[in-house]
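Peer 1: build me a model:
(chains A and B)
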Amino acid sequence: MNQSEFTRRLFMRSLVGAAGAVALGGIPGLSAAEMEELKFWASGVAKVGGRNWDAMSKNSGVKLAVTTKSARADESIQKMVVGDGNKVFDALTDNGGGMEDALASQKAIVPLDTSKIPNFKNILPVYNEGGAAADTIRHKGKVYAIPYIANADSMAYDFKAIGFHPDSWAVLFDPQFKGRVAMQNDFGPTLTNTAIYLKQSGKVEIGDPSNMEPKEVQAVCQFLIDLKKKGQFRTFWDGFGNGVGILASGEVVLSSCWEPITIIANRKTGDKADIRYGTMKEGHQVWNNVAMLTRGGRQRGKDAAFYKLANLYLSPWFGARTLAGLGFAPQMVGVDAYMKANADAFPAAKQKEANAYLKLKSKRYAIKGNAWQNVFPKNLRAYQDWWARLQAA
Amino acid sequence: MPASPSIWQRLTGENGLQKWGFYVPLIFMVLFFALPVALTLVWSFFERTTFWMEPGFTLFAYESFFTSARAENYLFSMMHSGISVIIAFSLGFPIAVFVRRRVPQVAQHRVILLFILPFMISELVRVFAMRPILGRFGIINNLLMDMRVISEPITSILFSPTAVVIGEVVSFLPFMVFSGFLAMEAVEQYIFDVCDDLGVGRVRTFKDVIVPLAAPGIFAGSVFIFVNGLGVALVPTILGGPGAVNAGLIVNQAIVALDFPLAMATSAIVIFTLVILLYIGHRLFDLTKILQPIS
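Peer 2: Numbering: from 1, shown residues only, chains lettered A, B, ... in the order given. Below you'll find the model as predicted:
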């Protein structure tokens, strides 16, 4: 299946999803004391419901003892492969595409029995049809992970400042915006999105923008080095707050960034700016986040507790809320129907906003040139070395 | 014939505990300095594996450091830290001298304590607070534009090496004030009186008397600032231009890519640089004087 097939199906199906197909099956009404505990190493975006995990515990029927993890894939890999991760945690979330393969190959996580997850039947069909999306939850054909959010990273722009809606990464590299542009201080998304642009615009021959050969990495970095020397980039942002700050303060008017940064920056600026998230015709870096059961978790008999949590992640209860709250794409069908059936929690205005998010996402996912995130490309050393050269330029 | 003392008696007998007390700093240094440094050095020669490293002997990590732009980044980082040291000395040491000479003795420590206050605030907050000051629409630009000194905002302050140096000076200036003041405490008041009696000018007193006497303290403060400038990743991350790095960030990025031998090699190079620096400082200023009162 090609990227376009994936994107079309992935997000349009959640819009038109099978009405009434999903219920929050299997959520017992147990008290906190009766619930089985699951030690969960998870990022903050893996939950809905305000500041704590109470809503997730209540609705999954599992007492979640959560340790918040950073966004660093290396930290997770180290802890799970050579550290004490399996002793400490029963389950964890990932930090980007390719991590589940790395963890499964080292036997740090275990294969899942999807028949024990009633809502697995509601997972977006693309995850069962082979291809790039299906690979993100499998290792050697077996399911090792349950997806809970996804997105296609793009470019934020201040419509008020630039006066038009950009539809190409070319504007990020356009001299008219010299010094008003930022990219992420991370070779993964920055090199991948630049490679997508260079490939799709015919400027450089690139095979897979997510897994480039050393010569391709060099060409992409050389392109960025030339621009950096000309003063094109104001900065390379690092961290959520930094990403918000440079847009909200007006330091930059264009920035390749995560979608929630746009939402928060827009809230901060009020009427001073109109920050939007575009769809780039060349494509975007696409990613999903997944939850996994650790080897230690299985040894301690935590399968049933993990399956309850996985069941919640694949329920429209979770999908609808994470979409409306953080703008992330749900990973199951039936979200639209769920929101309509729960108008008290999702009033018409909220439904409209959530559907607008989904519409834009489906537009981004439908772009042919999209490439899946890959935190461990095969020529990682070339990525590192050329990134250092870009930093020194 | 008296019985020979037991091991316990030998350990705790007359001067026994005192004798062992002498070794405590040595044990501390071995555990928390020599051992980590030795391990860093050994690991820097290990072979990289996909997720960790395995014993072996290869210079690949060092080759990777010196043949990529990392060495260049490191030298730039040293240069920026060096400039920060000079500026911090120019601003901080005169403050220390002023407090020592002009502030009444009873109030001196209290005045110096004021310089601790910025340390009560998280460094992240302190560094981040520079952004609205130095930015395109920040306080400095707004002020200059209101005064009609400039017509367009100056954009070369924030997200540049200039901002990194400003951030380092703001963050680490108290190190220079403290160490300068401690060094000045060892300079007796009569020395200033003698200079005054001999009619020595302020500049000459500062250059030929105060600075040489306080040199070990100044050097210690300089090393603190230099080391932090090399290692604290926050400042270039928040205030630096596109891809700005220092040694700390080079190590961090190697770890992110699970390249542990490279991270160790970079750390070993930083340690080597600092040992050389300390050796030169010791030869020039005799650093043992930092702990001695000047007679």
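Peer 1: contact partners for B:Ser151?
Peer 2: B:Ser151 makes contact with B:Met145 under the criterion C-beta atoms under 8 Å, 6 or more residues apart in numbering or on different chains. For every residue, glycine as well, the C-beta is placed using N, CA and C.
Peer 1: at 7 Å instead, please
Peer 2: B:Ser151 sits next to no residue when contact means C-beta atoms under 7 Å, 6 or more residues apart in numbering or on different chains.
Peer 1: mind checking the SS state of it?
Peer 2: coil (DSSP: H, G, I helix; E, B strand; the rest coil).
Peer 1: quick check: residues of the stretch 1-150 of chain B near chain A?
Peer 2: Proximity of the stretch 1-150 of chain B to chain A (C-beta under 7 Å from any C-beta of the partner chain) is limited to residues B:51-52, B:64, B:68-70, B:72-73, B:131, B:135-137.
Peer 1: list just the nearest of those to chain A.
Peer 2: Proximity to chain A was ranked across those by C-beta to the nearest C-beta; first place goes to B:Ala69, at 3.5 Å.
Peer 1: wait, doesn't the closest one sit right on A:Arg389?
Peer 2: Yes. At 4.2 Å, B:Ala69 and A:Arg389 qualify as touching, with contact defined as C-beta atoms under 7 Å.
Peer 1: neighbour count for those two, which is higher?
Peer 2: Applying other C-beta atoms under 10 Å in any protein chain shown to B:Ala69 and A:Arg389 shows that B:Ala69 carries more neighbours, namely 22 against 19.
Peer 1: and stretch A:78-88, what's buried?
Peer 2: Of the residues in stretch A:78-88, those buried by neighbour count under the rule 16 or more other C-beta atoms under 10 Å in any protein chain shown are A:78-82, A:85-86.
Peer 1: ok, and what's touching that stretch?
Peer 2: A:39, A:103, A:106, A:108, A:294-296, B:51-52.
Peer 1: can you rerun that using 6 Å?
Peer 2: Residues from elsewhere that reach stretch A:78-88 (C-beta atoms under 6 Å, 6 or more residues apart in numbering or on different chains): A:103, A:106, A:108, A:294-296, B:51-52.
Peer 1: and the residues you listed, which are buried?
Peer 2: By neighbour count, with 16+ other C-beta under 10 Å, the contacts of stretch A:78-88 hold A:103, A:108, A:294-296, B:51 as buried.
Peer 1: one step back: just put the buried residues of stretch A:78-88 in JSON lines and tack on pLDDT.
Peer 2: What follows is the buried residues of stretch A:78-88, written out as JSON lines (pLDDT from 0 to 100):
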{"residue": "A:Gln78", "pLDDT": "81"}
{"residue": "A:Lys79", "pLDDT": "86"}
{"residue": "A:Met80", "pLDDT": "90"}
{"residue": "A:Val81", "pLDDT": "86"}
{"residue": "A:Val82", "pLDDT": "83"}
{"residue": "A:Gly85", "pLDDT": "92"}
{"residue": "A:Asn86", "pLDDT": "94"}
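Peer 1: state which strand of chain A is the longest.
Peer 2: strand A:145-158 (DSSP state E).
Peer 1: is chain B within reach of the helix or strand following it?
Peer 2: Helices and strands here follow DSSP states H and E; after strand A:145-158, the next one along the chain is helix A:159-162. No. Shown here: helix A:159-162 not in contact with chain B (C-beta under 6 Å from any C-beta of the partner chain), separated by at least 11.9 Å.
Peer 1: Provide the strand pairings for the helix or strand that comes right after helix A:159-162, with the direction of each partner.
Peer 2: The first helix or strand that comes after helix A:159-162 along the chain, using DSSP H and E, is strand A:181-184. The partner list of strand A:181-184 in its sheet, established with DSSP bridges, is strand A:233-237 (parallel), strand A:254-257 (parallel).
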